[in-house]
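Peer 1: Here is a sequence with its predicted model. Questions after.
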Amino acid sequence: MRSQGPGSVKERRRALVTGGAVRVGRAIALALARAGFDVGIGYRRSAAAARQTVRAIEAVGARAVALRADLRDPLAARRLVAAAARRLGGLDLLVNNAAVFVRTPLERVTPATWEHILGVNLRAVFFCAQAAAAAMGRGGRIVNIADAGAGRGWPAHIPYTVSKAGVVALTRGLAAALRPRGIAVNCVAPGPVLRPAGLPVARWRRLTRGRAGTPEDVAAAVVFFATCPASVTGQVLAVGDGPGA
């Protein structure tokens with residue numbers, strides 16, 4: 001049975017959050033559960049964390065399932081979406097959150113590194129969205145997670161910033177393509193939110209200059225796009241120190 005649409009309170013809606021086991025993805029999944037969604041948690045290596053996130057979602061009265069997928073495989077995105085729709089009984093929302101963030105100084109970028117980062121951060125976003133649109137039929141929401149780096153040049157993270165700029169462009173292209181089917185596609189572009197693993201605390205504080213947001217800030221923006229009218233589409237919402245800020 002399909003849901004009554006994003007504004008309905010009669011039936012819980014169904015969401016898939018890629019990279020939903022930890023960090024920002026976990027915050028998004030929990031916020032969606034509180035907003036009336038049952039949630040599929042996509043993960044690759046964080047099996048224990050995914051199970052913990054499932055239990056946390058169930059504690060707020062929502063249904064949750066953990067779904068393993070290696071999005072480095074171009075076909076894994078389609079299989080993940082299909083599994084989520086099957087396990088949840090349909091799909092109303094996709095949140096493309098999974099990403100890799102690797103320091104890549106110019107001279108160290110290899111073809112394999114480039115393919116890895118662009119594959120997870122951009123290619124998988126497209127194929128997850130393509131599969132989700134087919135599963136949704138008519139009506140639904142797709143929210144992509146970009147980054148402040150989409151509008152800037154980070155010399156030690158060129159493949160990453162290229163991938164996130166691609167996510168912004170992809171969001172607008174998908175929005176135009178899916179508008180006739182009532183599927184809204186929007187993008188959240190956070191600034192600094194969580195300190196990357198391995199980055200010294202002192203350097204993190206210098207970089208953020210006290211302007212770091214929180215995972216909950218990003219989650220609130222996702223919930224907005226998940227529940228707002230379908231006429232709101234093709235938008236990029238900066239959270240904190242976002243693109244162009």
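Peer 2: Now that the structure is in, tell me what you want to look at. Numbering: from 1, shown residues only.
Peer 1: For Asp147, what are phi and psi?
Peer 2: Its backbone dihedrals place Asp147 at phi -170, psi 150, with angles given as degrees, to the nearest 10.
Peer 1: Report how many residues lie close to it.
Peer 2: Other residues near Asp147 number 27, with proximity taken as other C-beta atoms under 10 Å. C-betas here are computed from N, CA, C, even on glycine.
Peer 1: if I pick it, what's in contact with it?
Peer 2: By C-beta atoms under 8 Å, 6 or more residues apart in numbering, the contact list for Asp147 reads 99, 160-161, 164, 167, 189-190.
Peer 1: From those, which land in helices?
Peer 2: The helices, defined by DSSP state H, take in 160-161, 164, 167 from the contacts of Asp147.
Peer 1: which parts of the one helix or strand Leu170 maps to are buried?
Peer 2: Secondary structure from DSSP states H and E places Leu170 in helix 158-178. Neighbour-count burial for helix 158-178, with 16 or more other C-beta atoms under 10 Å as criterion, is recorded at 158-168, 170-172, 174-175, 178.
Peer 1: How far off centre is that helix?
Peer 2: Computed by C-alpha atoms, centre = their mean, to the nearest Å, the chain-centroid distance of helix 158-178 equals 12 Å.
Peer 1: chain center to stretch 146-164, what's the gap?
Peer 2: For stretch 146-164, the distance between its averaged C-alpha position and the chain's averaged C-alpha position is 16 Å (C-alpha atoms, centre = their mean).
Peer 1: What's the mean pLDDT across that stretch?
Peer 2: Over the span of stretch 146-164, the pLDDT mean works out to 87.
Peer 1: Export only the CA atoms of that stretch, formatted as PDB.
Peer 2: As requested, the backbone C-alpha atoms of stretch 146-164 are provided in PDB (Å, rounded to 0.1, in the frame of the first residue of the first chain):
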ATOM      1  CA  ALA A 146      26.400  18.000  -0.900                       C
ATOM      2  CA  ASP A 147      29.000  20.100   1.000                       C
ATOM      3  CA  ALA A 148      30.300  23.600   1.400                       C
ATOM      4  CA  GLY A 149      33.200  22.400  -0.700                       C
ATOM      5  CA  ALA A 150      30.900  22.300  -3.800                       C
ATOM      6  CA  GLY A 151      31.500  26.000  -4.200                       C
ATOM      7  CA  ARG A 152      35.100  26.300  -3.200                       C
ATOM      8  CA  GLY A 153      38.600  25.100  -4.200                       C
ATOM      9  CA  TRP A 154      40.200  22.900  -1.600                       C
ATOM     10  CA  PRO A 155      43.600  22.000  -2.900                       C
ATOM     11  CA  ALA A 156      44.000  18.900  -0.800                       C
ATOM     12  CA  HIS A 157      40.500  17.600  -1.700                       C
ATOM     13  CA  ILE A 158      40.000  18.200  -5.400                       C
ATOM     14  CA  PRO A 159      38.200  14.900  -6.200                       C
ATOM     15  CA  TYR A 160      35.900  15.400  -3.200                       C
ATOM     16  CA  THR A 161      35.000  18.900  -4.100                       C
ATOM     17  CA  VAL A 162      34.400  18.000  -7.700                       C
ATOM     18  CA  SER A 163      32.100  15.200  -6.600                       C
ATOM     19  CA  LYS A 164      30.100  17.500  -4.400                       C
END
